[in-house]
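> Next come a sequence and a model predicted from it.
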Amino acid sequence: MPVTPSSEMPLSSDEGAGSQSASGGMSGLLTEAWDRIAGRMRAEVGDVEYRTWLQQIVLGPVDGDEVTLMLPTRFLRDWVRSQYGDRLSALWNQEIPAIRRVELQVMRPGDVVAASPAADGEGGASAAPAEVTPAPAARAASAPSDRVSDTRSDLVAPLDQRFTFDTFVVGKPNEFAYACARRVAEKPSSVGFNPLFLYGGVGLGKTHLMHSIGAELIRRGGISVAYMSAEKFMYRFIAAIRSQSTVEFKDHLRSVDVLMIDDLQFLIGKDNTQEEFFHTFNALVDAGRQIVVSADKSPSDLSGLEDRLRTRLGCGMVADIHATTFELRISILEAKATASGVVVPGKVLEFLAHKITTNVRELEGALNRLIAHANLFGRPITLESTQDVLHDILKAHDRRVTIEEIQRKVSEHWNIRLTDMSSARRARAVARPRQVAMYLAKQLTSRSLPEIGRKFGNRDHTTVMHAVSRVQELMERDTAFAEDVELLRRMLES
Ligand code: ADP
Ligand code: MG
């Protein structure tokens, strides 16, 4: 029977971080009340707004007639307080009449809340207090206590329906990984592609690609797919040991056609689970089934993983997802803005793509917040409103590169004198680097064109404008030159 991941819960790829509750005997009651309230809020404000503002609320303790809700940043706390404070109080009061007030607090890094054992059906595998983690979307009904005797579908995490090949934007940094993923989805277990090992930094699309493979296979039908994070794999395995159902666990996993394990680095140092995974892996590959694994590093760099597992992981296709380029970030933002139906000016997209460079998830989060804000107030998005609304995010990404730094790095790179950045010399060997420095100054700082011009020997702002478009043109035509400029940018950004 095909194991079709259920999709009733729009869990994000980082599911599994679901433990949250208030302390004390009332905890179950409170958690349930909170689940219902969060569900109500979500229905009232809509998905986008909910995800942007409310999803990260973590339930804290109750003291007298006051319940505490915690948020990761001051900005979010203030926003939630001003926009949703009254509504949250009213809903709490409806659920539990004894509660009359809602206190909103900023989480401190050291804050802990007791893990709620039933929260994710992990059977108390994490009995120790868990760090505060962002709350997942309001959970549906609470988990049944005898999880392990549940149906097979319990063994797989639901796929996020937003993560498909259609919504994955392809560019240079990810085109190889994308092609491999597509290939596996079209023809699982082909020679040379088994296992498929996807690796890359946080938020670059590994989980998205894995879910896309799953979605595509399920769409085609006739194939059973199991997807889960390595963390979940471990929890399931431990739960199976406790309930003496390891045979079922193994049988189930060894019966699927395609097994996908996300974030394998989690298994480092977890020897028993690694061993179990190794055996499952071998059994499946020997039976001609497909394995897809993701991790944050390549197999050879995953030190701490058992050698024989590492070797086997590297035997199929290893595909690296590289850091995003500016172009890819723009394409992703354009795609997401279009899908949202809200008009986001090109200037704003460029601004975001310059400012938030590390992680697509953060880029997406920033855009979502802008869109939610525009929807909420019915005002068009502008560069100014963007800086306002994203104030906290932008501050965190502010690199504070100075024009002097840019001039210095660029001169060093092309071996010219620093003074030539502001000299009147027009020889190509000098003029070109100067143009690149102007271009980078425009990209990496918030200085205006006239300000930049002044720093380059009092040149006119039209000269800077010309330099920017000239460099852009050259980058399109000359890949070696484009790489040089990108390299400089990365050095300056880091
Ligand atoms: P990872 O698993 O590598 O940490 P994810 O797959 O969870 O990253 O991606 C983080 C977020 O960024 C997701 O919402 C995903 O949809 C989005 N994302 C990443 N890369 C792309 C891309 N190339 N096109 C569209 N969305 C992307
Ligand atoms: Mg992931």
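It's in. Ligands and ions are numbered 1, 2, ... in the order given.

> so for stretch 81-96, what's the average pLDDT?
When pLDDT is averaged over stretch 81-96, the result is 88.

> Mind listing what's buried along that stretch?
Residues of stretch 81-96 classed as buried: 81, 84-85, 88-89, 91-93, 95-96 (neighbour count, 16 or more other Cβ atoms under 10 Å). The way it works is simple: take the backbone N, C-alpha and C, and place the C-beta from them, glycine included.

> Kindly report the same for stretch 344-353.
Here stretch 344-353 shows 344, 348-353 as buried, counting by 16+ other Cβ under 10 Å.

> go on, stretch 239-253?
239-241, 245, 249-250, 252-253.

> ok, and of those residues, which contact ligand 1?
For ligand 1, no contacts are drawn from those by Cβ under 6 Å from any ligand atom.

> Out of those residues, flag the one nearest to ligand 1.
L253 (21.5 Å; Cβ to the nearest ligand atom).

> Tell me where the model's unsure across this structure.
Within the chain, the stretches with pLDDT under 70 are 1-26, 109-157, 398-399, 494.

> Mind listing residues that contact the longest helix along it?
The longest helix of the chain (DSSP state H) is helix 74-95. Contact partners of helix 74-95, identified using Cβ atoms under 8 Å, 6 or more residues apart in numbering, comprise 33, 36-37, 40-41, 44-45, 53-54, 56-57, 67, 69, 71, 99-102, 104-106, 376, 391-392.

> Name the next helix or strand downstream of it, please.
Using DSSP states H and E, the next helix or strand after helix 74-95 towards the C-terminus is strand 101-106.

> List the strands paired with that next one, with their directions.
strand 66-71 (parallel) (DSSP bridges).

> Check which residues of the strand it pairs with are buried.
Buried-residue list, strand 66-71, by 16+ other Cβ under 10 Å: 67-71.

> and what of stretch 468-480?
Buried, per 16+ other Cβ under 10 Å, within stretch 468-480: 468, 470-471, 474-475.

> Equivalent analysis for stretch 38-55, please.
So for stretch 38-55, counting by 16+ other Cβ under 10 Å, buried means 38, 40-42, 45, 48-55.

> Tell me the one of the residues you listed nearest ligand 1?
R51 (10.5 Å).

> Distance check, the closest one against ligand 2.
Distance, R51 to ligand 2, using Cβ to the ion, to the nearest Å: 17 Å.

> my read: that residue touches L367, true?
No. Shown here, R51 and L367 do not form a contact pair, counting by Cβ atoms under 8 Å, at 11.9 Å.

> Keep only those of the buried residues of stretch 344-353 that are in strands.
Among the buried residues of stretch 344-353, no residue falls in strands (DSSP state E).

> now those residues in a markdown table, with distance to ligand 1?
Converted to a markdown table, those look like this (distance: Cβ to the nearest ligand atom, whole Å):
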| residue | distance to ligand 1 |
| --- | --- |
| V344 | 16 |
| V348 | 18 |
| L349 | 14 |
| E350 | 17 |
| F351 | 19 |
| L352 | 14 |
| A353 | 13 |
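
> report the angle between the axes of the helix or strand where A372 lies and helix 74-95?
Assigning secondary structure by DSSP H and E places A372 in helix 360-377. On the basis of axes from the mean of the first three to the mean of the last three Cα atoms, to 10 degrees, helix 360-377 is oriented at 60 degrees to helix 74-95.

> My guess is R470 contacts R434. True?
No. Using Cβ under 8 Å, R470 is not in contact with R434, being 10.8 Å away.

> for the longest helix of the chain, the distance to its chain's centre please.
26 Å (Cα atoms, centre = their mean, to the nearest Å).

> which one of the buried residues of stretch 468-480 sits closest to K206?
M475 (28.0 Å; Cβ to Cβ).

> Check the spacing between the closest one and Y439 real quick.
9 Å (Cβ to Cβ, to the nearest Å).

> The residue in the chain that ligand 2 sits nearest to: neighbouring residues, count only.
Using Cβ to the ion, T207 is the residue of the chain that sits closest to ligand 2, at 3.2 Å. Neighbourhood size, T207 [other Cβ atoms under 10 Å]: 24.

> hang on, isn't it packed against M260?
No. Checked against Cβ under 8 Å, the pair T207 and M260 is beyond contact range at 9.8 Å.

> Once you drop chain neighbours, what's closest to I291?
Closest residue to I291 apart from its sequence neighbours, by Cβ to Cβ, 6 or more residues apart in numbering: P195 at 3.9 Å.

> Is L209 in contact with A179, as I believe?
No. The pair L209 and A179 does not pass the contact test of Cβ under 8 Å, sitting 10.5 Å apart.

> Please identify which of the two sits among more neighbours.
Ranked by neighbour count (other Cβ under 10 Å), L209 and A179 place L209 first, with 29 against 13.

> That one - that's part of a strand, no?
No. Per DSSP: H, G, I helix; E, B strand; the rest coil, L209 lies outside any strand segment and is helix.

> which bits of the protein sit near ligand 1?
Counting by Cβ under 6 Å from any ligand atom, the chain sits next to ligand 1 at 13, 163, 167-169, 174, 200, 202-208, 332, 360-361, 364.

> Next step: these restricted to helices.
Of these, the ones assigned to helices by DSSP H are 206-208, 332, 360-361, 364.

> quick one: which of these is nearest D301?
Nearest member of these to D301, counting by Cβ to Cβ, is K206, at 15.1 Å.

> leaving aside the residues next to it on the chain, what's closest to the closest one?
S294 (4.1 Å).

> Quickly find the element holding the one you found.
Going by DSSP H and E, S294 is part of strand 290-295.

> Buried ones in the next helix or strand along the chain from that strand, by neighbour count?
Once the chain leaves strand 290-295, the next helix or strand it forms, by DSSP H and E, is helix 307-313. Along helix 307-313, these residues count as buried under the neighbour rule (16+ other Cβ under 10 Å): 309-310, 312-313.

> Most widely separated two among the residues you listed?
R310 and R312 (7.4 Å).

> what angle sits between the host helix or strand of A38 and helix 360-377?
According to DSSP H and E, A38 maps onto helix 27-45. Here helix 27-45 runs at an angle of 60 degrees relative to helix 360-377 (the same axes, to 10 degrees).

> so how far is stretch 312-324 from its chain's centroid?
19 Å.

> Could you break this protein into its assigned domains?
Domain segmentation of the chain under automatic domain parsing yields 20-133, 175-312, 326-398, 403-493.

> Nearest to L267 among the buried residues of strand 66-71?
Nearest to L267, judged by Cβ to Cβ, of the buried residues of strand 66-71 is M70 at 30.5 Å.

> give me every residue that touches that closest one.
Here M70 is in contact with 57-60, 104-107, 111, 132 (Cβ under 8 Å, 6+ apart).

> From R40, how far off is it?
M70 is 19 Å from R40, by Cβ to Cβ.

> Ok, E362 next?
Taking Cβ to Cβ, one finds E362 at 28 Å from R40.

> same question, R254
Applying Cβ to Cβ to R254 and R40 gives a distance of 42 Å.

> same question, F197
Counting by Cβ to Cβ, the gap from F197 to R40 is 43 Å.
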